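*Asks:* Sharing a model that was predicted from the sequence below.
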Amino acid sequence: MSNDIFNRALSNFTHDVASGGAVRHLADEGYTVPEIAKMLDFPTPVERIAKTVYEHYLNKGIILQDAPNQAKHKEVHYEKVQDAYGKVSFKRVEAEAYEESREYIECSFGKEKYNDIAKYKSKLEKLEPRDREYIDNLPWPITTVYHVADSRMKRIIDNWN
């Protein structure tokens, strides 16, 4: 049990050092998961990239798990810390943030994918290739989430229905 925990922590650390920052930066630039995978120098599984992007969007408030008027999210950043011996490390800092000025769109992509895969696939076919990649490669939960109403998501929702 403790060996599994250690291995998972080591894997997370290795991923974050090797490609986590690059994945988050490229996600902020609007790249899709497959595009990010092609740009990385360090071999990273697509599933791991998708998970990192999704968690990053949750941390930044781009995707909310609760309705926006009730939602608060944790903004995460890392601070450089130096100990008494000069060793430098990074400390994770979380702060609660409220997003009231943003407009959000309700998304149920996970529900649709797992309830009726054929209907989900036919809706995906209506989307532009990059929008299709964006939706199909994120690990959407089976519940309703709320995504920032940016131009990409508005375009996706207009073509989805």
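*Replies:* Nice, thanks for sending it over.
*Asks:* Between the two ends of stretch 61-76, how far is it?
*Replies:* Across stretch 61-76, the terminal residues are separated by 10 Å (C-alpha to C-alpha, to the nearest Å).
*Asks:* please begin residue numbering at 766 from this point
*Replies:* Sure thing, new numbering starts at 766, so read that last one as stretch 826-841.
*Asks:* What average pLDDT does it get?
*Replies:* Across stretch 826-841, the average pLDDT comes to 77.
*Asks:* likewise stretch 802-814?
*Replies:* 86.
*Asks:* Only C-alpha atoms, please: export it in PDB.
*Replies:* Extracted in PDB, the C-alpha atoms of stretch 802-814 (Å, rounded to 0.1, in the frame of the first residue of the first chain):
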ATOM      1  CA  ALA A 802       1.400  15.500 -27.200                       C
ATOM      2  CA  LYS A 803       3.100  16.200 -30.500                       C
ATOM      3  CA  MET A 804       4.900  19.300 -29.100                       C
ATOM      4  CA  LEU A 805       6.400  17.600 -26.000                       C
ATOM      5  CA  ASP A 806      10.000  16.400 -26.100                       C
ATOM      6  CA  PHE A 807       9.500  14.100 -23.100                       C
ATOM      7  CA  PRO A 808       7.300  11.000 -24.000                       C
ATOM      8  CA  THR A 809       4.000  11.500 -22.100                       C
ATOM      9  CA  PRO A 810       0.900   9.300 -22.500                       C
ATOM     10  CA  VAL A 811      -2.000  11.200 -24.000                       C
ATOM     11  CA  GLU A 812      -4.200  10.100 -21.100                       C
ATOM     12  CA  ARG A 813      -1.800  11.800 -18.600                       C
ATOM     13  CA  ILE A 814      -1.800  15.000 -20.700                       C
END
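*Asks:* Identify all contacting residues around that stretch.
*Replies:* For stretch 802-814, contacts defined as C-beta atoms under 8 Å, 6 or more residues apart in numbering pick out His780, Ala783, Ser784, Ala787, Val788, Leu791, Tyr796, Val798, Pro799, Ile801, Asn902, Pro904. C-betas here are computed from N, CA, C, even on glycine.
*Asks:* mind listing which of those are in helices?
*Replies:* His780, Ala787, Val788, Leu791, Val798, Pro799, Ile801 (DSSP state H).
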